[in-house]
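Undergrad: Here's my sequence, what's the structure:
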Amino acid sequence: MENLSKAKHLVADADVMIIVAGNGMAKLEGLDLLGQASFAQDFPTIVEKYHVNSVGEALDQQSASWSDKWLCWSQLIAHYSLEYQPSQTMKNLRKLIGQKKFFIATSSFGHFFESAGFNENRIFNVFGDWTKMQCSSGINHGLKDSRGAVQKIIAAKQQKQNLADFVPKCKECGQSMEIHMPLNEHFYPDTDANTRFRWFLTGNEEEKTVFLELGVDETSPQLLQPIIHLVQQYPQWSFVAADYRQEQLPLDIQARSAGVNADSAILLQNLL
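TA: Numbering: from 1, shown residues only. Alright, predicted model coming up:
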């Protein structure tokens, strides 16, 4: 594998690790945002009702009633997140980090890193987390855990109860809640997590820090160029990326970077 030995050296030599994980990493944990292979088999009622073929398409449905939205969301969340078990790849990442200081910035919304045992105060879910919910009014009334609501909706469906009675409501204003994702103009980032991430970066400006990019693809470009720009600013910071070729990196950081032409699972296995 091209640049693997260099990648191992950069990771081993670093005192701080910043994991930048895209939807390619989520796919390794079972959630393929755009994939269609098993979606019809896993969610036949969603496919039949909304004529969609992937998680991404299902989340884009805007015309459904609140009870229908919550039934769709609940089925997806229960399948991908409530039943989640960490993959060997995720276990390898935890082992690789070991006792190093770390932070995770991810576009995945499946709550995988938290469920795998990573410190929740060291995770910034850039595009939200569907195990959290927010008020649909567009006013920031804070984030709440959605998993209890998901379980109630699933149970109500099984018992053939009126789902409208189980749609969660905002305790501040009474409006319906919605999952914490950028599905419309009401989405607001997790400012607390964003602030913790910024302070972490500031606090480690002088440390040997490696950015490890895992599964960043066309669905999460916000996680690529800003990170490269950060590495360009600090000569003691380095960059290691899966699914990447060395010649794709800017010339000014190539000496302290390693683009490895292998997916995240293979890269992590070989970095140990």
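
Undergrad: Local confidence estimate at the residue positioned nearest the centre of the chain?
TA: Centroid-nearest residue in the chain, with C-alpha atoms, centre = their mean: residue 108, separated by 1.7 Å. In this model, residue 108 is scored at 94, pLDDT.

Undergrad: OK, contacts around it?
TA: 21, 22, 23, 25, 26, 29, 31, 125, 127 (C-beta atoms under 8 Å, 6 or more residues apart in numbering). Bear in mind the C-beta positions are built from the backbone N, C-alpha and C, glycine included.

Undergrad: Next one: residue 75 from residue 158, what distance?
TA: Taking C-beta to C-beta, to the nearest Å as the criterion, residue 75 is separated from residue 158 by 11 Å.

Undergrad: Same question for residue 185.
TA: Shown here: residue 185 relative to residue 158, a distance of 34 Å by C-beta to C-beta.

Undergrad: Mind jotting down where the helices sit in the stretch 1-150 of the chain?
TA: In the stretch 1-150 of the chain, the segments counted as helices under DSSP state H, counting those that start in this stretch are 4-13, 23-28, 39-42, 44-50, 55-59, 66-77, 88-97, 112-115, 147-158.

Undergrad: Quick check: neighbours of the next helix-or-strand element following the last one in the sheet, parallel or antiparallel?
TA: It stands for helix 147-158. Downstream of helix 147-158, the first helix or strand assigned by DSSP states H and E is strand 177-180. Looking at strand 177-180 with DSSP bridges, its partner strands are strand 129-135 (antiparallel).

Undergrad: Mind pulling the model confidence for the nearest residue in space to residue 114 that is not next to it in sequence?
TA: If the residues on either side of it in the chain are set aside, residue 114 comes closest to residue 120, at 5.2 Å by C-beta to C-beta, 6 or more residues apart in numbering. With respect to pLDDT, residue 120 has a value of 96.

Undergrad: Residue 1 too?
TA: At residue 1 the predicted local distance difference test score is 68.

Undergrad: Can you tell me how far residue 125 is from residue 260?
TA: Here the criterion is C-beta to C-beta. By it, residue 125 lies 25 Å from residue 260.

Undergrad: One more: residue 118?
TA: Using C-beta to C-beta, residue 118 is found at 22 Å from residue 260.

Undergrad: Compare residue 75 and residue 158 (neighbour count), which wins?
TA: When residue 75 and residue 158 are compared for neighbours, residue 75 comes out ahead with 19 against 8, by other C-beta atoms under 10 Å.

Undergrad: give me the low-pLDDT residue ranges for this protein?
TA: Per-residue confidence of the chain (counting by pLDDT under 70) places the weak regions at 1.

Undergrad: The same query, at a cut-off of 90, please.
TA: Low-confidence segments of the chain, defined by pLDDT under 90, are located at 1-3, 23, 34-38, 60-64, 186, 216-226, 243-249.

Undergrad: And the helices of the stretch 1-150 of the chain: which comes nearest residue 253?
TA: Residue 253 sits nearest to helix 4-13 of all these, at 11.3 Å, using C-beta to C-beta.

Undergrad: Distance check, residue 183 against residue 128.
TA: Separation of residue 183 from residue 128 (C-beta to C-beta): 9 Å.

Undergrad: let me fix that: residue 248
TA: Going from residue 248 to residue 128 by C-beta to C-beta gives 29 Å.

Undergrad: What about the residue nearest to residue 114, how many residues nearby?
TA: Burial measure for residue 120: 13 neighbouring residues, criterion other C-beta under 10 Å.

Undergrad: ok, back up a step: look at residue 183 and residue 128 and report which has more neighbours.
TA: The residue with more neighbours, out of residue 183 and residue 128 and counting by other C-beta under 10 Å, is residue 128; that gives 21 against 18.

Undergrad: Now for that one: which residues touch it?
TA: Taking C-beta under 8 Å, 6+ apart as the test, what residue 128 contacts is 109, 179, 180, 181, 182, 187, 189, 190.

Undergrad: now do 7 Å
TA: The neighbourhood of residue 128, defined by C-beta atoms under 7 Å, 6 or more residues apart in numbering, consists of 109, 180, 181, 182, 187.

Undergrad: Now, of those, which are buried?
TA: When burial is judged by neighbour count using 16 or more other C-beta atoms under 10 Å, the buried members of the contacts of residue 128 are 109, 180, 181.

Undergrad: Great, nothing more from me.
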